[in-house]
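> here is the input, now give the coordinates:
(2 chains)
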Amino acid sequence: MFSLYKKEVQSYFLSPFAYVVSALFLLVFSLSFVRGISTMNSNVMKFSFPNIFYNNFFYFIFMIPLLTMRTFAEERKSHTETLWLSAPITIPQVVLAKFLAVATVYLIMLLLSLFFPLVVFWHGSVVGSSLLCGYIGFFLWGLVCIAVGMLMSALTDSPIIAAVLGEAAMVLVLFLDNFTSTQFVQSVKPLHAILSWFSTENRFAVFSQGLFSIADLVFFLALSAVVLIWTIIVIEKRRWSRG
Amino acid sequence: MVEIKNLTKYYGENPAVQDISFTVGDHEVLGFLGPNGAGKSTTMNMITGCLPSTSGTVLVDGFDIAKNPLEVKRRIGYLPELPPVYPDMRVREYLTFAAGLKGVPRAERKKQVENAMERLHITDVQKRIIGNLSKGYRQRVGFSQALLGTPKFLILDEPTVGLDPTQVMEVRRLIQDLAKDHTIIFSTHILAEVTAVCERVVIINKGQIRAEDTIANLENSMPGDKMLKLKVEGDITRITAILNETEGVLSVEEVEYEASGVNSFTVKVKDDNVRKPIVASLVAQDCMVVEITSVHSSLEDVFIRLTGSGKQSRDDEPAKSADTGKEDA
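Numbers count the residues shown, from 1 in each chain, chains lettered A, B, ... in the order given. Purely as a prediction, here's the structure:
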């Protein structure tokens, strides 16, 4: 399993893939950073790093499907899946190895963005707890997105379609938050309770305030696990019906 | 030992493989023959556990693929129809990864990878990116992958497709060489390959086994009509008439154009002794005999008969001749 993990991480850095996506990520991050710094004196909104994540969810969710789109779709397209299907390794192991590999690349991406807080630290002060929790929260939230992206990649054999499906799924997840806060939903108490349980944005908000909540940590990890199990089922199912 | 019992696979409503059973003993090379779309790849995918079967079992050394997949997969090296190589990796890197995936201990990986590369003569491309290699090289990289982990059984799905004639010869030699310490099942639709390397063949068509026997037995099972092939210069109708008048000639089966003025005649005859009178009567009538050969019933004929890819009217016979083949064994 470690071999597969290692190979997956390597393959991101062998192709220009990881570099391009990281560059895009840093571009979006730096633009938000510059905007945040330049409007710092307006006092309308306070500048904080978690806020950058928070304000840019929408951009970021377009990047994670780019990382995950190839995980299974590409393998099916190039018929390389027979390699691990015929190797003494189980499908849950394959899914987990691939998930951890994408998570590693994503983590490296996040670590690169630490450059900005470091600059701020050099010239001013950074609220450490809020920064750390913001990063943890964003990482956890990313894990869920990675799992969803991989599920979409397992559903199709075209990486492009996988990316589009992944983005659609993530837009839906974000939309769920907006939907939950509409008056209509709020008027129906049980519906609101159920939907807000699935709402990811509120949970991220807790982290971005510099709080570390075990309940939310468990939520993110459990949600990722559920989606990964779903991915395993999809791959098993496709194995039965493939030609 | 690989035992395949009543293996069946349906894709939705369509049967791809129906009720296939055969056994491959240790250190045997079994040729798995069939036209395109006969179910060869499907069967091989089921043996290697890539594809679950609708019903039936595959036992490898007594382990059931459905119940104990890891034990089975550890014993099998598989080269699928399309080599499962990652185009953005380097050859050596890929093989090292594949060795890890197959559970080769870290300490042995280097040695096994080098050994596999040597056997397939790809050591000189080990640092190249697989995507930049030619199809033949990619095929060989895929093949060397199958050798990693020293599997007892090798399942090779059309291993010579896409190779040039010299490489085909090399691969055949390699299979003969590997047969010393591996059990090999390999599929092909090229008959010369089977004759060159296998002792025993299974012929499959439309998802069903049509014959399972040694090559010699299959060739003997053909009806014993003697055939002669003559290349004669001259007018077709005249020559046909002469041939038909000659004693011992049963019929003229086929006339084919050879070169300008020369045609080849396939003639069914009583026995080999008819050659002399035929040539004598043709020469007497001023017809130049360019060539005369006797046609043996080859594996090719058996294959065409059994798979019905020749005349449709022969479709009923295969079952019969397959049975006689088994009795001979």
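> so where is chain B shaky, pLDDT-wise?
Across chain B, residues meeting the criterion (pLDDT under 70) sit at B:221-225, B:296-298, B:308-329.
> strands along that one, start to end?
For chain B, the strands defined by DSSP state E occupy B:2-11, B:14-24, B:29-33, B:55-60, B:63-64, B:76-79, B:153-157, B:183-188, B:200-205, B:208-214, B:226-233, B:249-259, B:262-269, B:288-295.
> list the helices and strands the helix or strand encompassing residue A:222 packs on?
Assessed by DSSP states H and E, residue A:222 sits inside helix A:214-241. Other helices and strands packing on helix A:214-241, by 3 or more CB pairs under 8 Å, 6 or more residues apart in numbering or on different chains; DSSP states H and E, are helix A:70-77, helix A:91-112, helix A:128-155, helix A:200-208. The way it works is simple: take the backbone N, C-alpha and C, and place the C-beta from them, glycine included.
> so for residue B:53, which of those helices sits nearest?
Ranking those by proximity to residue B:53 (CB to CB) places helix A:91-112 first, at 17.1 Å.
> distance from the chain centre to the next helix or strand after that closest one, please.
Scanning forward in sequence from helix A:91-112, with DSSP H and E defining helices and strands, the next element found is helix A:115-123. How far helix A:115-123 lies from its chain's middle: 25 Å, per CA atoms, centre = their mean, to the nearest Å.
> buried residues, helix A:115-123. List them.
Neighbour counts over helix A:115-123 (16 or more other CB atoms under 10 Å in any protein chain shown) mark A:116, A:117, A:120 as buried.
> which one of those is nearest to residue B:12?
Nearest to residue B:12 out of those is residue A:116 (CB to CB; 54.5 Å).
> what's the pLDDT at the closest one?
In this model, residue A:116 is scored at 84, pLDDT.
> isn't it up against residue A:28?
No. Counting by CB atoms under 8 Å, residue A:28 is not a contact partner of residue A:116; they are 11.8 Å apart.
> shared neighbours of these two, anything?
Here residue A:116 and residue A:28 have no joint contacts, going by CB atoms under 8 Å, 6 or more residues apart in numbering or on different chains.
> tally of neighbours for residue A:188?
Residue A:188 has 11 neighbours, counted by other CB atoms under 10 Å in any protein chain shown.
> now do stretch A:59-66: distance to the chain's middle.
With CA atoms, centre = their mean as the basis, stretch A:59-66 stands 7 Å off its chain's centre.
> quick one: mean pLDDT for that stretch?
Averaged across stretch A:59-66, the pLDDT comes to 82.
> just after the helix or strand bottoming out on mean pLDDT in chain A, pick out the following helix or strand.
Lowest on mean pLDDT, DSSP states H and E among the helices and strands of chain A sits helix A:49-55, with a mean of 74. Tracing the chain past helix A:49-55, the next element assigned as helix or strand by DSSP H and E is helix A:57-68.
> quick one: contacts of that following helix?
Contacts with helix A:57-68, where a contact means CB under 8 Å, 6+ apart, come from A:12, A:17-18, A:21, A:24-25, A:28, A:53, A:102, A:105-106, A:142, A:145-146, A:149-150, A:152-153, A:162-167, A:170-171, A:173-174, A:201.
> ok, 7 Å please
A:21, A:24-25, A:28, A:102, A:105-106, A:142, A:145-146, A:149-150, A:153, A:163, A:166-167, A:170, A:174 (CB atoms under 7 Å, 6 or more residues apart in numbering or on different chains).
> one more: stretch B:130-137?
B:85-89, B:91, B:94, B:122, B:125, B:138, B:141, B:162-164, B:167.
> and those, which of them are buried?
Among the contacts of stretch B:130-137, the ones that count as buried by 16+ other CB under 10 Å are B:85, B:86, B:89, B:91, B:94, B:122, B:125, B:138, B:141, B:162, B:163, B:167.
> in chain A, where is pLDDT below threshold?
Looking at chain A by pLDDT under 70, you get A:40-47, A:242-243.
> and the residue of it that's closest to chain B?
Residue of chain A nearest chain B, by CB to the nearest CB: residue A:3 (2.7 Å).
> in this structure residue B:8 contacts residue B:55, no?
Yes. In this structure, residue B:8 is within contact of residue B:55 by CB atoms under 7 Å, at 4.7 Å.
> widest-spaced pair of the contacts of stretch B:130-137?
Farthest apart among those by CB to CB are B:88 and B:164. That separation is 25.5 Å.
> as TSV, the strands of chain B with distance to chain A and mean neighbour count would be great.
Converted to TSV, those look like this (distance: least, CB to the nearest CB, whole Å; neighbours: other CB atoms under 10 Å in any protein chain shown):
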stretch	distance to chain A	mean neighbour count
strand B:2-11	6	18
strand B:14-24	8	18
strand B:29-33	17	25
strand B:55-60	12	18
strand B:63-64	12	16
strand B:76-79	4	26
strand B:153-157	8	24
strand B:183-188	14	24
strand B:200-205	17	24
strand B:208-214	19	21
strand B:226-233	41	19
strand B:249-259	38	14
strand B:262-269	40	19
strand B:288-295	39	13
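> format those as TSV; extra columns: distance to residue A:215.
TSV is the format used below for the strands of chain B (distance: least, CB to CB, whole Å):
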stretch	distance to residue A:215
strand B:2-11	46
strand B:14-24	50
strand B:29-33	57
strand B:55-60	48
strand B:63-64	44
strand B:76-79	46
strand B:153-157	50
strand B:183-188	55
strand B:200-205	59
strand B:208-214	60
strand B:226-233	85
strand B:249-259	83
strand B:262-269	85
strand B:288-295	83
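> neighbours around the closest residue to residue B:302 other than its chain neighbours, how many?
Leaving out its chain neighbours, the residue that sits closest to residue B:302 by CB to CB, 6 or more residues apart in numbering or on different chains is residue B:218, at 4.7 Å. Residues within reach of residue B:218, counting by other CB under 10 Å, total 29.
> and residue B:218, how far from residue A:77?
Residue B:218 sits 40 Å away from residue A:77, taking CB to CB, to the nearest Å as the criterion.
> state the number of residues packed around the residue of the stretch 51-200 of chain B at minimum distance from chain A.
Nearest to chain A, among the residues of the stretch 51-200 of chain B, is residue B:100, at 2.7 Å (CB to the nearest CB). Using other CB under 10 Å, residue B:100 has 23 neighbouring residues.
> could you do residue A:39 as well?
Using other CB under 10 Å, residue A:39 has 12 neighbouring residues.
> contact residues of chain A facing chain B?
Contacts of chain A with chain B, taken as CB under 7 Å from any CB of the partner chain, map to A:3-4, A:7, A:11, A:14-15, A:78-80, A:82-89, A:239-240, A:242-243.
> just the buried ones among those residues, please.
A:3-4, A:7, A:11, A:14, A:78, A:80, A:82-89, A:239.
> and the residues you listed, which two are the farthest apart?
A:14 and A:239 (27.4 Å).
> give the contact list for the residue nearest the centre of chain A.
For chain A, residue A:142 is the residue whose C-alpha lies nearest the centre (CA atoms, centre = their mean; 2.3 Å). Residues counted as contacts of residue A:142 (CB under 7 Å, 6+ apart) are A:64, A:106.
> how near is it to residue A:60?
Distance of residue A:142 to residue A:60, given as CB to CB: 8 Å.
> quick one on the thing from earlier: quick check, the residue nearest to residue B:302 in contact with residue B:299.
Yes. Here residue B:218 reaches residue B:299: they are 6.4 Å apart, a contact under CB under 7 Å.
> helix or strand for the residue of chain A closest to chain B, which one?
Following DSSP H and E, one finds residue A:3 within helix A:2-14.
> dump that helix to CSV, keeping only the CA atoms.
Output in CSV follows, covering the C-alpha atoms of helix A:2-14 (Å, rounded to 0.1, in the frame of the first residue of the first chain):
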residue,chain,number,x,y,z
PHE,A,2,2.9,2.3,0.8
SER,A,3,4.3,1.7,-2.7
LEU,A,4,1.0,2.9,-4.2
TYR,A,5,0.9,6.0,-1.9
LYS,A,6,4.5,6.9,-2.8
LYS,A,7,3.9,6.4,-6.5
GLU,A,8,0.7,8.5,-6.4
VAL,A,9,2.5,11.4,-4.6
GLN,A,10,5.4,11.2,-7.0
SER,A,11,3.2,11.2,-10.1
TYR,A,12,1.7,14.5,-9.0
PHE,A,13,5.2,16.0,-8.9
LEU,A,14,6.5,14.2,-12.0
